[in-house]
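In: predicted model and sequence below, questions to follow.
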Number of protein chains: 2
Amino acid sequence: MARPLLEELKKFQGLIDRALRSYFPPAGPYTQRVQKAMAYSLFAGGKRIRPMLCLMACRAVGGRMNNALPAACALEYLHTYSLIHDDLPALDNDDYRRGRLSCHKKFGEATAILAGDALLTEAFFLLSRREVMKEVQPRIRVQVIQEIAGAAGIQGMVAGQEADLEAEKKKVSLPFLQYIHNHKTGALIKASLVCGGLIGEGTAGEIRSLRKFGEKIGLVFQIKDDLLNVEGKAKLLGKRTGTDEKKAKATFPVLMGMEQSMILGQELVKEAGKTLKIFGSKAGPLRAIGDYIFLRDR
Amino acid sequence: MARPLLEELKKFQGLIDRALRSYFPPAGPYTQRVQKAMAYSLFAGGKRIRPMLCLMACRAVGGRMNNALPAACALEYLHTYSLIHDDLPALDNDDYRRGRLSCHKKFGEATAILAGDALLTEAFFLLSRREVMKEVQPRIRVQVIQEIAGAAGIQGMVAGQEADLEAEKKKVSLPFLQYIHNHKTGALIKASLVCGGLIGEGTAGEIRSLRKFGEKIGLVFQIKDDLLNVEGKAKLLGKRTGTDEKKAKATFPVLMGMEQSMILGQELVKEAGKTLKIFGSKAGPLRAIGDYIFLRDR
């Protein structure tokens, strides 16, 4: 993909990483180990897609991007917690993540469970902290918390994870696969956009558009993940490829073929772009990240 | 203990149980199993001490108790999540809880981890939901969320749990034991009181008093738990007794003897009572629950 766009995204990633470091909780007398585990997974070279979507949605509605930084970080906390817990032996049992040992392989299961719990809890602590959220009205802060908790909980991410466990036992149809992804990854991606829009004090119509954009782009994200699992370079991905096939896991390429998956992804990117009409030229960065999600090589 | 007090507490427990059922999230198409696991642990005959403290603190500052019901339930969600995750094989590895199989023994580890995650997340969803928290100003709702997230996270419950893991490896001093309990159980007990006070719109002085009461009574709670582990009736407790001794676990009876532990507990109850002076006769129910925490037989 185009070098200027990648450079632009890198700038955003730098901004987000600095914010993540500045909000990171100070060590207590007996919490060094769990904090090391939290930092290990949080600063493992994640793409920061959710925080970027949040910041860019805030900008698209004309808000001050800095006001959305704490929420952007909270979203990355939640994403990281979900990866740590998903990798546990009782769940996906993955030894590697982003080219390094997964959290429980490095720090043991007990600490990995606690590190996930802590990141999940700290997300809501960050979202409610007066000192860091003072530019955002309490009324909006509560809306943001409701949006994110709804997306992460039993009606969102947890439902997707549970459905994914169920999927191991039965034949998976395309609608079931879409249900899994809409919940497991789609819900938080959508919430990232909506929260950026809320913090930027977007209109109801603008928030609706962001929600629609999030629905499309969330699915693109997963299709691309599936494609990368088949064709991606293990070195770039930092995890083994071909694992879905080995596990006979239902994926878009398995259910509809590589070519059709590519075509569907491209169509969804186009449709997603259309939902951004309302923002005019201010949607530039959002469009760019939509392209990035489909074109990325890791 | 006195029968009228027990009857009074039972009424409160009934009120809380009905609220817990009314807020319980509806089942999704693939979440039956995780929701069954959540309900199994949430409705396992818990004493509802944290919700009761929250409601009674709200009443002590002259607030409407019903306004504090969602927060009371969120506190019980958090307490239940912490029990589910603590019982996991990687942590305390307990097969029984409240006279029944622990969550992971009944539903498997994967579902137990997810049920804990879901309860933790639902707590913040409940605290932010407009529909159920509409009587509480957004400004106060955010304060409540900050208080609870702070108490449950890396500076509270998680720190206590991590310190507890550390304690297995070294000689435990009395200050270290107090650190563990102040974080593992004390922080959430204190937050329960403070949140009740905040929702009831108590003055800064009243909130301070509730915080002090919480510090004392939290420690009483743990001393009593330790005493029950030595002398309690396994049948009433619903879990094995004498387990602390077998694990050579540091407890108040081990570090200071049974009698001194009893004396310390009684002194703390008295001191706790003094912190309630500011509330006059309105503190009756809070005093009662302080007594209950020390006199309970399970």
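Out: Alright, I've got the coordinates. Remember, predicted model here, so these are calculated numbers, not experimental data.
In: now tell me which helix or strand of chain A has the poorest mean pLDDT.
Out: When the helices and strands of chain A are scored by mean pLDDT, DSSP states H and E, helix A:234-237 comes last with a mean of 60.
In: next up, the contacts around A:Met133.
Out: Listed by Cβ atoms under 8 Å, 6 or more residues apart in numbering or on different chains, the contact partners of A:Met133 are A:Pro70, A:Leu126, A:Leu127, A:Arg141, B:Val142. Bear in mind the C-beta positions are built from the backbone N, C-alpha and C, glycine included.
In: need those residues in a markdown table (columns: secondary structure, distance to B:Ala204 and neighbour count).
Out: As requested, the contacts of A:Met133 are exported to a markdown table (DSSP: H, G, I helix; E, B strand; the rest coil; distance: Cβ to Cβ, whole Å; neighbours: other Cβ atoms under 10 Å in any protein chain shown):
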| residue | secondary structure | distance to B:Ala204 | neighbour count |
| --- | --- | --- | --- |
| A:Pro70 | helix | 26 | 27 |
| A:Leu126 | helix | 25 | 23 |
| A:Leu127 | helix | 24 | 29 |
| A:Arg141 | helix | 22 | 27 |
| B:Val142 | helix | 17 | 24 |
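In: make JSON lines out of the residues you listed and add distance to B:Leu20 and pLDDT.
Out: Conversion of the contacts of A:Met133 to JSON lines gives the following (distance: Cβ to Cβ, whole Å; pLDDT from 0 to 100):
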{"residue": "A:Pro70", "distance to B:Leu20": "31", "pLDDT": "97"}
{"residue": "A:Leu126", "distance to B:Leu20": "27", "pLDDT": "97"}
{"residue": "A:Leu127", "distance to B:Leu20": "24", "pLDDT": "97"}
{"residue": "A:Arg141", "distance to B:Leu20": "26", "pLDDT": "97"}
{"residue": "B:Val142", "distance to B:Leu20": "23", "pLDDT": "97"}
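In: nearest to B:Gly153 among those?
Out: Ranking the contacts of A:Met133 by separation from B:Gly153, with Cβ to Cβ as the measure, puts A:Leu126 on top at 9.7 Å.
In: which one is that closest one nearest to, not counting chain neighbours?
Out: If you skip the residues right next to it in sequence, A:Leu126 has A:Ala74 as its closest partner in space, 4.7 Å away by Cβ to Cβ, 6 or more residues apart in numbering or on different chains.
In: repeat for A:Asp117
Out: Nearest one to A:Asp117, counting by Cβ to Cβ, 6+ apart, is B:Val158 at 5.9 Å.
In: how many residues are close by that neighbour?
Out: Taking other Cβ atoms under 10 Å in any protein chain shown as the criterion, the count of residues near B:Val158 is 30.
In: tell me the pLDDT of it.
Out: Turning to B:Val158, the model gives it a pLDDT of 97.
In: I figured it hits A:Phe125, correct?
Out: No: the criterion here is Cβ atoms under 8 Å, and B:Val158 misses it with A:Phe125 at 11.0 Å.
In: quick one: the strands in the stretch 51-200 of chain A?
Out: Counting by DSSP state E, counting those that start in this stretch, residue ranges of the strands within the stretch 51-200 of chain A are A:96-97, A:100-101.
In: and among the ones you listed, the most buried is which?
Out: With neighbours taken as mean count of other Cβ atoms under 10 Å in any protein chain shown, these reach their highest mean count in strand A:96-97, at a mean of 18.
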